[in-house]
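S.K.: A predicted structure for the sequence below; I have some questions about it.
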Amino acid sequence: MNLASLSAIDSNIFLYPAYCGVFIMKVIQPLYNRLNDLLQLFYPPICLGCQTIIELQSELSVLCENCLHNLKRVPDNYIREEVIRRLNPCYLDNIVTIFEFDQTVQILIHEIKYRKAKKLAYRLAAYAYEQIHIAVPWQNGDLVIPVPLFRIREKERGFNQSSAIARGFFLDSNFSLQTQIILRARPTLSQTELKRDERMKNVHEAFTVLQPELIRNKNIVLVDDVVTTGATLNECARVLKDTGVAKVWGLTLAAPTKPL
C-alpha cells in the first residue's frame, strides 16, 4: 500500500465522525419532526393564558396569538408617578418596565418561578425587550446585575429567575452580566402580602455588595421580574450607591398598575 493510499485512509478516519454525525442527523431529524407532529396531534399545545388549544404559533410558544397581542404595556409615566416618586429616599435613577402585571403575565411569571420554567424566562424577557420602543438610559459597557435570591431559596428553586430574565433581556448584547456582585445576606419574607412600609422594612439591610472595587463609578442595570413598590430595587440601589456606583436603573418584566 502506497503513502497516498495511507493518507486517504487516515483522512477518512478523521472525517468518519463528521460523516456519521451528518448521517445520523439526516435520519433522526425527520423522525423527530414526525414524532413531534404526532404529539402535537394527540397533545396539542395549550395556551397558558386562556387555556385553549394554540392553533397558530405566536412569537412566544406558550401563548396563543390573541393572548400575546393582548399583553398591555405599562402606561407612560406610571412608574415615575406611582413608584419612584413614592420612594423616600429614592436611590434609583429610573425604572423601565414593560408589561402590566395582569392575569396572563402573572401566570407566566408563576410558571417561571414555581414550575422552574427557565427557558420561558429567557423567551419572555427576549420578547419583552423587543417591545421597548423608548430610548433606554443604559449603554453597552454598563453592568447588568440581577436581584439575588437568598441561597437556600435559590437552591430550592433551582435557579434565580432574575438571572434568567436578565440573560433573556441582554441575550445579544455586549453588556456584562454580573451575578456575584450583590449577595442577599439574609432570608426575607415574600413581599406579595406585605404593605408598602412592611416591604421596605422587610428588605432593609438584606443585601450586601461583594468586591465593591469592581463597580465603583460604574452604571448599573438592576433586573427583577416584577416591581410593585420598588422597595427591593431601591434597597439594592442604596447599597450599590454606598459603594460609589454612579447610576442605578431598574429593569423589570412587569408592574401591577394598582399602587399600594
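M.R.: On my side now, so go ahead. Since this is a predicted model, take the numbers as computed values, not measurements.

S.K.: Go through stretch 150-160 and flag the buried ones.
M.R.: 159-160 (16 or more other C-beta atoms under 10 Å). For glycine as for every other residue, the C-beta is placed from the backbone atoms N, C-alpha and C.

S.K.: what's in contact with that stretch?
M.R.: Applying C-beta atoms under 8 Å, 6 or more residues apart in numbering, the contact partners of stretch 150-160 are 113, 116, 118, 146, 148-149, 179, 184, 186-188.

S.K.: next one: stretch 251-260
M.R.: 74-75, 78-79, 82-83, 86, 95-101, 105, 109, 124-125, 128, 165, 169, 195-196, 199, 221-229, 233.

S.K.: How about the contacts made by the residue sitting nearest the centre point of the chain?
M.R.: Per C-alpha atoms, centre = their mean, the C-alpha nearest to the average position across the chain is that of I165, at 0.5 Å. Going by C-beta under 8 Å, 6+ apart, I165 touches 112, 121-122, 124-125, 146, 223-225, 253.

S.K.: now do 6 Å
M.R.: 121, 125, 223, 225 (C-beta atoms under 6 Å, 6 or more residues apart in numbering).

S.K.: Point out the ones among the residues you listed that are inside strands.
M.R.: 223, 225 (DSSP state E).

S.K.: Quick one, which of the contacts of stretch 150-160 are buried?
M.R.: By 16+ other C-beta under 10 Å, the contacts of stretch 150-160 give 113, 118, 146, 148-149, 184, 188 as buried.

S.K.: any chance of these in TSV, plus distance to N66 and secondary structure?
M.R.: TSV is the format used below for these (distance: C-beta to C-beta, whole Å; DSSP: H, G, I helix; E, B strand; the rest coil):
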residue	distance to N66	secondary structure
K113	25	helix
K118	26	helix
P146	31	strand
P148	36	coil
L149	34	coil
R184	38	strand
T188	37	coil
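
S.K.: with those in mind, which one is nearest to T52?
M.R.: Relative to T52, the closest of those is K113; by C-beta to C-beta it sits at 23.8 Å.

S.K.: hang on, I107 packs against L48?
M.R.: Yes: here I107 reaches L48: they are 5.2 Å apart, a contact under C-beta atoms under 6 Å.

S.K.: Send me stretch 197-205 as PDB with only the CA atoms.
M.R.: C-alpha atoms of stretch 197-205 as PDB (Å, rounded to 0.1, in the frame of the first residue of the first chain):
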ATOM      1  CA  ASP A 197     -44.000  50.200  54.800                       C
ATOM      2  CA  GLU A 198     -43.700  46.400  55.600                       C
ATOM      3  CA  ARG A 199     -41.900  45.800  52.300                       C
ATOM      4  CA  MET A 200     -39.300  48.400  53.000                       C
ATOM      5  CA  LYS A 201     -38.600  47.100  56.500                       C
ATOM      6  CA  ASN A 202     -38.500  43.500  55.100                       C
ATOM      7  CA  VAL A 203     -35.700  44.200  52.700                       C
ATOM      8  CA  HIS A 204     -33.800  46.800  54.800                       C
ATOM      9  CA  GLU A 205     -30.100  45.700  55.100                       C
END
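
S.K.: where in this structure is pLDDT low?
M.R.: The chain contains residues with pLDDT under 70 at 1-43.

S.K.: Now do the helices in it.
M.R.: Taking DSSP state H as the criterion, the chain carries its helices at 3-42, 65-69, 78-82, 103-114, 118-130, 151-157, 161-169, 196-203, 231-242.

S.K.: rewinding a little: turn the buried ones among the contacts of stretch 150-160 into a markdown table, including distance to P212.
M.R.: Output for the buried ones among the contacts of stretch 150-160, formatted as a markdown table (distance: C-beta to C-beta, whole Å):
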| residue | distance to P212 |
| --- | --- |
| K113 | 29 |
| K118 | 30 |
| P146 | 18 |
| P148 | 15 |
| L149 | 21 |
| R184 | 16 |
| T188 | 22 |
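
S.K.: among those, which two are most distant?
M.R.: For those, the maximum inter-member distance is 22.4 Å, found between K118 and T188 (C-beta to C-beta).
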